[in-house]
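K.L.:
Sequence first, predicted model second:
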Amino acid sequence: MVHSVSPTRYKVAYPPRRKLATEFADKLKETFFSDDPLRPYKDQTRARKVGIVFQYLFPILEWSKGYNLSKFKGDLIAGLTIASLCIPQDIGYAKLANLDPKYGLYSSFVPPLIYAVMGSSRDIAIGPVAVVSLLLGTLLKDEIDPVKDNEAYVRLAFTATFFTGITQAALGFFRLGFLIDFLSHAAIVGFMAGAAITIALQQLKGFLGIKNFTQKTDIISVMQSVWGSVHHGWNWQTVLIGASFLAFLLLSKYIGKKKRSLFWIPAIAPLISVIVATFFVYITRADENGVQIVKHIQRGINPSSVHKIYFDGRMMLKGFKIGVIAGLIGLTEAIAIGRTFAGMKDYQLDGNKEMVALGTMNVIGSMTSCYVTTGSFSRSAVNYMAGCHTTVSNIVMSLIVLLTLEVITPLFKYTPNAILSSIIISAVIGLIDYEAAILIWKIDKFDFLACMGAFFGVIFKSVEIGLLIAIAISFAKILLQVTRPRTALLGNLPQTTIYRNIDQYPEATRVSGVLIVRVDSAIYFSNSNYIKERILRWLRDEEELLKSNNQQRIEHLIVEMSPMIDIDTSGIHALEDLFKSLQKRNIQLILANPGTVVIEKLESSKLTNLIGQDNIFLTVSEAVMSVAPKAMEEV
């Protein structure tokens, strides 16, 4: 027995008309101020409002009130731990960017201090990172040869860093952070994995002791360079050093992964490796037998570099272009890291505030001999596991780097390049997230295409081509979803008044003489014609099926509009054309449950009068009971 449905006393409501200014203001608020940033200022005195502004700009003023000795102990241990990890990494990453090792250390001194004052994440560890270093090095090398004109190369690096900061701060200040969300998670997974392999391949130069190495980054050129020098370019002492310490670093990572309480082992392993390898090279004078070493690292803290930044001319434009690209990648990595750890500790991360903080530290960094810095995932993970509570851990790390710059840098003279290559290889392996790629394949094949496109673009061509492919495929997916939205035929679930997709619910039955179609998207100029044609195709297919089975023809077509959040002028015209096409076939168009925005626009365009007020219903079940009560009784 079927439950009968009595007509409800409710009809589709028409919302009150809003003024254009009010509607525009609401749209603007939801786009740029969805987090309601002005809420803390309500009902506050002027002095309190000024205090809140300063706390917003400098979060350290807010959390420092409750800071205590117990938290400092956690931050101190975390800061010392990440310092032991960052020092050898900084030297290696600077080489990845084709810069002197000192610039890597400089970049872990000033920027972390700025971020500690302005950043809202408690867990991010700031410094140079592998992917951005490779990207920066690749883009800069396309413009200037770092060997032939090192001074101009360094100046362009500072210029790019300056515009990286400007880009990041501007996105945060104008609350445009949603733009980085256009780079999909799948594309980022593929890009990071491709960059990791490219970085690892680049390290074969130092790992094998090859002197004449290709300037290209694609896998084919690198492997040709590696195998082309196998008989005369490899140095067995270098290979021995690199392989031995790479095995040690991977073993330490395995131990730390198996037992979280031993996180400090992989954290200090790179520094131990540098100390032991440097001592070994020094006492054996292996550098005289072809083992390449770091050589001299200039002692002293960051000198001013304001005068080295290009503020006009052709070089400024090149720096701007490189800075924008590096800035977006740096932001994507930092925001992803910050959100991950904020979710684990259950606190709120202000994305726009983060962008301003990251941008400010890069602008100031560019003026103090630093290159692009951002949040490092490996260091942030160590920072989190070491028990950090606030950004004081970044301050501790920065002070350790300061001590290194002032006192310890001469001791790195005999550090072999092979150990730095081993450290970088062991660090970037974690960027290859094959489990995420497998999950992407299972969930969404188009996302997997974006992932693989970015991955193969990076390893077979270049970092920038891989990034371009990732962005292109991400936008292609958006365009495909907008221009070709899903539509579905609905049927009635037996013994209920519920109508669902007949593909998802095979037991759902069609209502005789009625075709029910759901449109799972807003109707815009980009998809309006497709949606109209797709509905007519559903109708044509259904009529052919009914005719072949000698069943009753379609007399009513119901469009379920619940998922339809908006409609524009082209969408209105498409519905009007659909109505006229159906009229010629003696089929009545019926609308079910149009939303606030949709019914408002239908009313403004007078389409409701054309279709008929009596043909607009609150639910599909009411529409069916109204137009085909006998058919419903049969069901």
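P.N.:
Yep, it's here. Residues are numbered from 1 along each chain as shown.

K.L.:
Show the contacting residues for residue 620.
P.N.:
Shown in contact with residue 620 (Cβ atoms under 8 Å, 6 or more residues apart in numbering): 490, 499, 516, 558, 560, 592-593. C-beta: built from backbone N, CA, C; applies to glycine.

K.L.:
can you rerun that using 7 Å?
P.N.:
Neighbouring residues of residue 620 by Cβ atoms under 7 Å, 6 or more residues apart in numbering: 490, 499, 516, 558, 560, 592.

K.L.:
again with residue 368
P.N.:
Residue 368 touches 106, 110, 302, 304-305, counting by Cβ under 7 Å, 6+ apart.

K.L.:
hmm, try it at 10 Å
P.N.:
Residues in contact with residue 368 (Cβ atoms under 10 Å, 6 or more residues apart in numbering) are 106-107, 109-111, 114, 158, 301-306.

K.L.:
Buried among those residues? Make that a PyMOL selection.
P.N.:
Buried residues within the contacts of residue 368, by 16 or more other Cβ atoms under 10 Å, are selected in PyMOL with:
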select buried, resi 106+107+109+110+111+114+158+302+305
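
K.L.:
And residue 241, how far from residue 255?
P.N.:
21 Å (Cβ to Cβ, to the nearest Å).

K.L.:
Low-confidence bits of the stretch 1-150 of the chain, can you list those?
P.N.:
Scanning the stretch 1-150 of the chain for pLDDT under 70 picks out the ranges 1-9, 14, 20, 23-24, 29-38, 41.

K.L.:
Could you do the chain as well?
P.N.:
Residues of the chain that meet the cut-off, pLDDT under 70, sit at 1-9, 14, 20, 23-24, 29-38, 41, 630-635.

K.L.:
tell me the domain boundaries of it?
P.N.:
With domains defined by automatic domain parsing, the chain comprises 68-478, 485-634.

K.L.:
Out of the ones you listed, which is the most enclosed?
P.N.:
Highest mean neighbour count among the domains of the chain (mean count of other Cβ atoms under 10 Å): domain 68-478, with a mean of 20.

K.L.:
quick one: it to chain centroid distance?
P.N.:
Domain 68-478 has its C-alpha centroid displaced from the chain centroid by 17 Å (Cα atoms, centre = their mean, to the nearest Å).

K.L.:
Helix, strand, or coil at the residue of the chain most remote from its centre?
P.N.:
Relative to the mean C-alpha coordinate of the chain, counting by Cα atoms, centre = their mean, the farthest residue is residue 550 (55.1 Å). Following DSSP: H, G, I helix; E, B strand; the rest coil, residue 550 is assigned to coil.

K.L.:
Which stretches in the stretch 451-600 of the chain count as helices?
P.N.:
463-483, 528-548, 569-584, 596-604 (DSSP state H, counting those that start in this stretch).

K.L.:
For these, give me JSON lines that also has distance to residue 431.
P.N.:
Listed next are these as JSON lines, based on distance: least, Cβ to Cβ, whole Å:
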{"stretch": "helix 463-483", "distance to residue 431": "13"}
{"stretch": "helix 528-548", "distance to residue 431": "39"}
{"stretch": "helix 569-584", "distance to residue 431": "43"}
{"stretch": "helix 596-604", "distance to residue 431": "43"}
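
K.L.:
who wins for proximity to residue 425 among the ones you listed?
P.N.:
Among the helices of the stretch 451-600 of the chain, helix 463-483 comes nearest to residue 425, with 17.2 Å by Cβ to Cβ.

K.L.:
re the thing from before, so which of the domains of the chain is nearest residue 18?
P.N.:
With Cβ to Cβ, the closest approach to residue 18 among these belongs to domain 485-634: 8.5 Å.

K.L.:
and the closest one, how far from the chain's centre?
P.N.:
Chain-centre distance of domain 485-634: 38 Å, with Cα atoms, centre = their mean.

K.L.:
begin at 23 from here
P.N.:
Let's use 23 as the start, then, which means that last one is domain 507-656.

K.L.:
and the domains of the chain as TSV, adding distance to residue 48?
P.N.:
Supplementary listing: those in TSV, determined by distance: least, Cβ to Cβ, whole Å:
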stretch	distance to residue 48
domain 90-500	16
domain 507-656	11
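
K.L.:
for these, which one sits closest to residue 80?
P.N.:
When the domains of the chain are compared (using Cβ to Cβ), the closest one is domain 90-500, at 5.4 Å.

K.L.:
Could you measure from residue 625 over to residue 331?
P.N.:
58 Å.

K.L.:
do residue 32 as well
P.N.:
Relative to residue 331, and taking Cβ to Cβ, residue 32 is found at 66 Å.

K.L.:
Residue 243 now?
P.N.:
32 Å.
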